[in-house]
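Enquirer: Predicted model, plus sequence, below.
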Amino acid sequence: MRLLRFLFLIAFTSVTLVSCKKDNKIDEGDIAYFGGEVVNPIKDFVIITKSDKALDTITLDENNRFIYKVKPVESGLYTFRLWAAQGLEYQMVLLEPQDSIMFRLNTMEFDETLVFSGKGAKKNNYLINLFLEGEIEDKEVLGLCQLPVTDFTKRIDSIRNSKLDKLNYFIENYDATPAFNEIAEANINYDYYLSKEVYPFVNYVNSERKTLESLPEDFYSYRKDVNYDHKMVRDYFPYSSFLKYHFENMALAKYFEKTDDSVFNIKSLDYNLIRLNLIDSLVTDKELKNSLLMEAAVEFITKSKDVDKFDPLLESFKSKCTDGHQQDYVTNLINSLKSLKPGNPIPQVEVTDFNNVQKTIRSLIKRPTVIYFWSTAYRTHIDSHKKAFELKQKYPEVDFIAINVNVENDKLWRKIIKEHKYNSKQEYVFKNPKEARHQLAIYPINKVIILDDKAEIVNAHTNMFYIGFEDELLGLLNR
């Protein structure tokens, strides 16, 4: 096995060098090569993107490998996506002119097995290690958020300084490039900033208002250094995560200035309007601004059950977002949610059963019913089916219907049902998945719809894992 991997690396490097030599006659240094080997592939292709632009979909060869030439290459982060054990996974790679990088990973343990080799590998192995360390630190930071603010600050300052020391050592001892230096330092800084932004939300000693008011004056001093249009890391995990909590936090502080509330309420219309205004006023990059605006708008309308508040939110969103497709998406989502009011009949969405017979959801309802959704892209369907089975034992008077929201082929869907021994009589797929997802406003995937025996909506926005879900079922049965 080691010999095969060694021979593949030699072949990859040879092809790269020969190809580079030929192309250099035309536009020297304007290309990079990226390839890989996928162990236990779920599907036979890899998708390469740069920002929100799809560059190519590359088919794996008979040995589950591929080589792709990026021409011209723009220095920065590229994303590669492929199907793994937990669904569609993705990771990032830093590509610069004359790089010849390959990766190897096992789809059963995606990030943990990812290793880069070739020219430009050291910087990418460093970045993936930063990512893995960050996942571990996230859990540690949640615990640190329970500490008094002085102790919390000391601990996260220590974490940041240790990471910066390691980065400086790497820069001094290896051929680090300006692009790598910028991305690695941004990773460390935005992780640190994020830790401070989440502190008021995670610290349960007091209300968020009291926590914010108790913070030292210089607690958020780093905010003067925040780059709201940091193009090099616009799609990078630490940056996007930071911006989400950063705008939530600043909006919360402004909201507290205008109200007497003392706790964070994500469903507040006024709070969310402030959040949209802040994003609009501080971010100038159109794509980034539109993305942040849409994330905020969708989060509000999918968590709030008060449809009367949707129109003011939509008006604010559309006045700020310049992307017509995103405007249409949010508008259609709101219209769908309005049609899902309690007391309304469930829309006549068409589904297909395990025996390939087409029906409407409404025709399936004979008794009080819980409809839950799952996707072949995520293994969370195991938890949802398990929970539904447990609830069915406790509430035999209730039917539990599972609908797959994105099946690409019937064989895969049936295979999963058979492997996990799900009740095929209660399993369905949408006839037109895209249209159905809009009609039923299926976001997030773990949403649940409760119907009475007349197929009328009792609650279209609940969750089986919600602590009060069984009370909802009891209320349904006691009608």
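Expert: Happy to help now that I have it.

Enquirer: Quick check: residue 181 touching residue 174?
Expert: No. Assessed by C-beta atoms under 8 Å, residue 181 is found out of contact with residue 174, at 11.1 Å. All C-beta spots, glycine's among them, are computed from the backbone N, C-alpha and C.

Enquirer: got the residue ranges for the helices in the stretch 301-450 of the chain?
Expert: Per DSSP state H, counting those that start in this stretch, the stretch 301-450 of the chain has helices spanning 310-320, 324-339, 361-364, 381-394, 410-419, 433-439. These are given in chain order.

Enquirer: hang on, I meant the stretch 1-150 of the chain
Expert: With DSSP H, counting those that start in this stretch as the criterion, the stretch 1-150 of the chain has helices at 2-27, 110-113, 121-144, 149-173.

Enquirer: any idea of the mean pLDDT in the second one?
Expert: The average pLDDT within helix 110-113 is 91.

Enquirer: Please name the nearest non-neighbouring residue to residue 245.
Expert: Closest residue to residue 245 apart from its sequence neighbours, by C-beta to C-beta, 6 or more residues apart in numbering: residue 197 at 4.1 Å.

Enquirer: Now for the one you found: which residues touch it?
Expert: 242, 245-246, 248-249 (C-beta atoms under 8 Å, 6 or more residues apart in numbering).

Enquirer: picking up where we left off before, out of the helices of the stretch 1-150 of the chain, which gets the lowest mean score?
Expert: Mean pLDDT across the helices of the stretch 1-150 of the chain is lowest at helix 2-27; the value there is a mean of 41.

Enquirer: thinking again about what came up before, for the residue nearest to residue 245, give me phi and psi.
Expert: For residue 197, the backbone dihedrals (degrees, to the nearest 10) come out as phi -70, psi -40.

Enquirer: Let me know the distance separating it from residue 364.
Expert: Between residue 197 and residue 364 the distance, using C-beta to C-beta, to the nearest Å, works out to 45 Å.

Enquirer: same deal with residue 255?
Expert: Residue 255 is 43 Å from residue 364, where distance means C-beta to C-beta.

Enquirer: and residue 270, backbone torsions?
Expert: Torsion angles at residue 270 (phi, psi; degrees, to the nearest 10) stand at phi -60, psi -40.

Enquirer: Leaving out the residues flanking it, which one is nearest to it?
Expert: Of all residues not flanking residue 270 in the chain, residue 255 sits nearest, at 6.3 Å (C-beta to C-beta, 6+ apart).

Enquirer: Contacts only, for the one you found.
Expert: Taking C-beta under 8 Å, 6+ apart, we find residue 255 in contact with 261, 268, 270-271, 274.

Enquirer: which sections of the stretch 351-479 of the chain are below the confidence cut-off?
Expert: Judged by pLDDT under 70, the stretch 351-479 of the chain has its weakly predicted residues at 379, 407-409.

Enquirer: one more time with 90
Expert: By pLDDT under 90, the low-scoring segments of the stretch 351-479 of the chain are 375-383, 405-416, 419-420, 433-435, 437-438, 441-447, 461, 466-467, 478-479.

Enquirer: Now for residue 53, how many residues are close by?
Expert: 7 (other C-beta atoms under 10 Å).

Enquirer: Let the chain start at 382 from now.
Expert: Okay, residue one is now 382; in that scheme the one you just asked about reads as residue 434.

Enquirer: what about it, distance to residue 650?
Expert: Going from residue 434 to residue 650 by C-beta to C-beta gives 35 Å.

Enquirer: so which of the helices of the stretch 682-831 of the chain gets nearest residue 454?
Expert: helix 705-720 (28.0 Å; C-beta to C-beta).

Enquirer: contact partners of the closest one?
Expert: Contacting residues not belonging to helix 705-720 are listed as 671, 674-675, 678-679, 682-683, 688, 691-692, 695, 698-699, 702, 728, 819-822, 824, 841-842 [C-beta under 8 Å, 6+ apart].

Enquirer: and if we set it to 6 Å?
Expert: Under the contact criterion C-beta atoms under 6 Å, 6 or more residues apart in numbering, helix 705-720 has outside partners 671, 675, 678, 682, 688, 691, 695, 698-699, 702, 819-820, 822.

Enquirer: likewise stretch 726-740?
Expert: Stretch 726-740 is contacted from outside by 741-743, 805, 808-812, 817, 820, 832, 836-837, using C-beta under 6 Å, 6+ apart.

Enquirer: Of the contacts of residue 578, which belong to helices?
Expert: Within the contacts of residue 578, residues falling in helices by DSSP state H are 623, 626-627, 629-630.

Enquirer: Including pLDDT, neighbour count and distance to residue 860, could those go into CSV?
Expert: Below are the ones in helices among the contacts of residue 578 laid out as CSV (pLDDT from 0 to 100; neighbours: other C-beta atoms under 10 Å; distance: C-beta to C-beta, whole Å):
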residue, pLDDT, neighbour count, distance to residue 860
623, 95, 24, 46
626, 93, 18, 41
627, 96, 24, 45
629, 94, 22, 38
630, 93, 22, 42
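
Enquirer: Which single one of those is nearest to residue 414?
Expert: Using C-beta to C-beta, the ones in helices among the contacts of residue 578 come closest to residue 414 at residue 623, 31.9 Å.

Enquirer: Could you check how far residue 422 is from residue 445?
Expert: Here the criterion is C-beta to C-beta. By it, residue 422 lies 5 Å from residue 445.

Enquirer: Who has more neighbours out of the two?
Expert: Between residue 422 and residue 445, counting by other C-beta under 10 Å, residue 422 is the more crowded of the two (17 against 14).

Enquirer: is it true that that one touches residue 443?
Expert: No. Residue 422 lies out of contact with residue 443 (C-beta atoms under 6 Å); the separation is 11.4 Å.

Enquirer: Let me see the domain layout of this structure.
Expert: As given by automatic domain parsing, the domain ranges for the chain are 383-500, 505-720, 731-858.

Enquirer: Return the residues in contact with residue 663.
Expert: Each residue near residue 663 by C-beta under 6 Å, 6+ apart is listed here: residue 609.

Enquirer: tell me the pLDDT at it?
Expert: 97.

Enquirer: distance of it from residue 701?
Expert: Separation of residue 663 from residue 701 (C-beta to C-beta) stands at 12 Å.

Enquirer: Kindly report the same for residue 492.
Expert: In terms of C-beta to C-beta, residue 492 sits 35 Å off from residue 701.

Enquirer: between the two, which one's more packed in?
Expert: Each of residue 492 and residue 701 has its neighbours counted (other C-beta under 10 Å); residue 701 has more, 18 against 13.

Enquirer: Within the helices and strands, which one has the spatially closest residue to the more buried one that is not a sequence neighbour?
Expert: Leaving aside its chain neighbours, residue 701 sits nearest to residue 661 (4.4 Å; criterion: C-beta to C-beta, 6+ apart). Element membership of residue 661, judged by DSSP states H and E, is helix 650-663.

Enquirer: Buried ones in that helix, by neighbour count?
Expert: Of the residues in helix 650-663, those buried under the neighbour-count criterion (16 or more other C-beta atoms under 10 Å) are 650-657, 659-661, 663.

Enquirer: Check stretch 671-684 too.
Expert: 671-675, 677-683.

Enquirer: Quick check: of those residues, which lies closest to residue 415?
Expert: residue 672 (24.9 Å).

Enquirer: SS state for the closest one?
Expert: Assigned by DSSP: H, G, I helix; E, B strand; the rest coil, the conformation of residue 672 is helix.

Enquirer: On the pLDDT front, check it for me.
Expert: pLDDT, residue 672: 93.

Enquirer: Noted, bye for now.
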